[in-house]
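**Student:** Give me the fold of what follows.
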Amino acid sequence: MFTLSKSLRIITGALALAAVCAAPALAADKSVLATSIVEHPALDAVRDGTRDELKAEGFDAGKGFKWEFQSAQGNAGTAGQIAKKFVGDNPDVIVAIGTPSAQPLVASTKTIPIVYTAIADPIAAQLVKDWGPSGTNVTGLSHMLDPVKQVEIIKKVVPNAKRVGIVYNPGESNSVSALNAIKAVLEKQGMTLVEAASPRSVDVAPAAKSLIGKVDLIYTTTDNVVVSTFESLAKVCNDAKIPLIASDTGSVKRGAVAALGVNFYDLGRQTGKIVARILKGEKPGDIPSSTSKNLELYINTSAAQKQGVTLNPDFLKSATKVLN
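**Tutor:** Reported below is the predicted structural model:
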């Protein structure tokens, strides 16, 4: 015969077990599909940071959570095919890394939440109308950089520079937007921007060579075509003794003298936080778009030597990281 206290223990235990069974697992039956236009160190860091943050938030494959990543390998047509497939798969959230991947996704669905990231100007790319809550299925993070600060770095590396070369993909809206922004700042300071178009990765080195003798240095934005084959650009600059300055810190170890830019892994962690908020019930249209303020200055003294640059000691001291 059960005692009253024993009966209460049994009932309490049964209720606790029922509560555990009834409570929905955080990650169960949730899915996130991610894509980038191409794989290179900056975009890879964003992808990895996003995935790591989701794990930290409890969204792990070992707990019934689905994560899938696909790269378009630099092909806009492939990016469109991935967008179509992802929309057909109907995940809980789609993460779009880079403008050429985000644009076809935003055009393909008005219901599935999309979190864009690693995009310099989401407004120019027509992903959102402004920086406030979109009221749509789209939100995300930008790595837009202040062109005034970029020109300051240019002048610290090459103080007497007058002609700044730039290699860029005219088909990438963010690259055009960044080009126009820095061009306006340069003109106000009596400097000139000399453009060299590079619509494909194989065009980067020839475009850079076309600038030899015409510029005092070459500056690059976070243009995906250029960053995907940055070593070929650096080789041209090394051979011609042209200082190379980037806006992606990951490009410094690949041959740029210096870069003031965002920490792309940190940008990925911030992206993961937004995705987790949506998976937990928030609407993407209620979350405003934002930019990363975590800027870092990287300097490569070996690249400076190869490209004939003598760096100011105070400038070296101001760096977040100095590579040799």
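**Student:** Do a quick rundown of the helices in the stretch 101-250 of the chain.
**Tutor:** 147-157, 173-188, 204-209, 224-228, 230-240 (DSSP state H, counting those that start in this stretch).
**Student:** Looking at those, which is nearest to L260?
**Tutor:** L260 sits nearest to helix 147-157 of all these, at 4.9 Å, using Cβ to Cβ. In this view, the C-beta of every residue, glycine as well, is placed from N, C-alpha and C.
**Student:** if we can go back for a sec, can you lay out the helices of the stretch 101-250 of the chain as TSV showing mean neighbour count?
**Tutor:** Converted to TSV, those look like this (neighbours: other Cβ atoms under 10 Å):
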stretch	mean neighbour count
helix 147-157	18
helix 173-188	19
helix 204-209	21
helix 224-228	25
helix 230-240	19
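**Student:** and of these, who's closest to F264?
**Tutor:** Nearest of the helices of the stretch 101-250 of the chain (Cβ to Cβ): helix 224-228, 10.6 Å.
**Student:** Who are the contact partners of the nearest residue to I287 once chain neighbours are set aside?
**Tutor:** In space, and not counting its chain neighbours, I287 is closest to T139: 4.4 Å by Cβ to Cβ, 6 or more residues apart in numbering. Residues near T139 by Cβ atoms under 8 Å, 6 or more residues apart in numbering: 113-116, 128, 133, 274, 284-285, 287-289.
**Student:** Need the buried ones from those residues selected in PyMOL.
**Tutor:** Remark: buried members of the contacts of T139, expressed as a PyMOL selection using 16 or more other Cβ atoms under 10 Å:
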select buried, resi 113+114+115+116+128+274+284+287+289
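**Student:** I'd like to know which of the contacts of T139 are part of strands.
**Tutor:** Among the contacts of T139, the residues falling in strands (DSSP state E) are 114-116.
**Student:** Take the contacts of T139 and write them to TSV, including pLDDT and distance to V225.
**Tutor:** What follows is the contacts of T139, written out as TSV (pLDDT from 0 to 100; distance: Cβ to Cβ, whole Å):
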residue	pLDDT	distance to V225
P113	98	28
I114	98	23
V115	98	23
Y116	98	19
V128	97	24
P133	97	32
I274	98	27
P284	98	29
G285	98	32
I287	98	30
P288	98	30
S289	96	24
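**Student:** Nearest to Q307 among the contacts of T139?
**Tutor:** Q307 lies nearest to Y116 out of those, by Cβ to Cβ, at 34.3 Å.
**Student:** what stretches of the stretch 1-150 of the chain score poorly on pLDDT?
**Tutor:** Counting by pLDDT under 70, the stretch 1-150 of the chain contains low-confidence residues at 1-28.
**Student:** And the strands in it?
**Tutor:** Secondary structure of the stretch 1-150 of the chain, counting by DSSP state E, counting those that start in this stretch: strands at 31-36, 66-71, 93-97, 114-119, 138-142.
**Student:** Surely V106 touches V138?
**Tutor:** Yes - counting by Cβ atoms under 8 Å, V138 is a contact partner of V106 at 5.7 Å.
**Student:** The nearest residue to V95 once chain neighbours are set aside - how many residues pack around it?
**Tutor:** Nearest non-adjacent residue to V95, counting by Cβ to Cβ, 6+ apart: A34, 3.9 Å away. Using other Cβ atoms under 10 Å, A34 is surrounded by 26 other residues.
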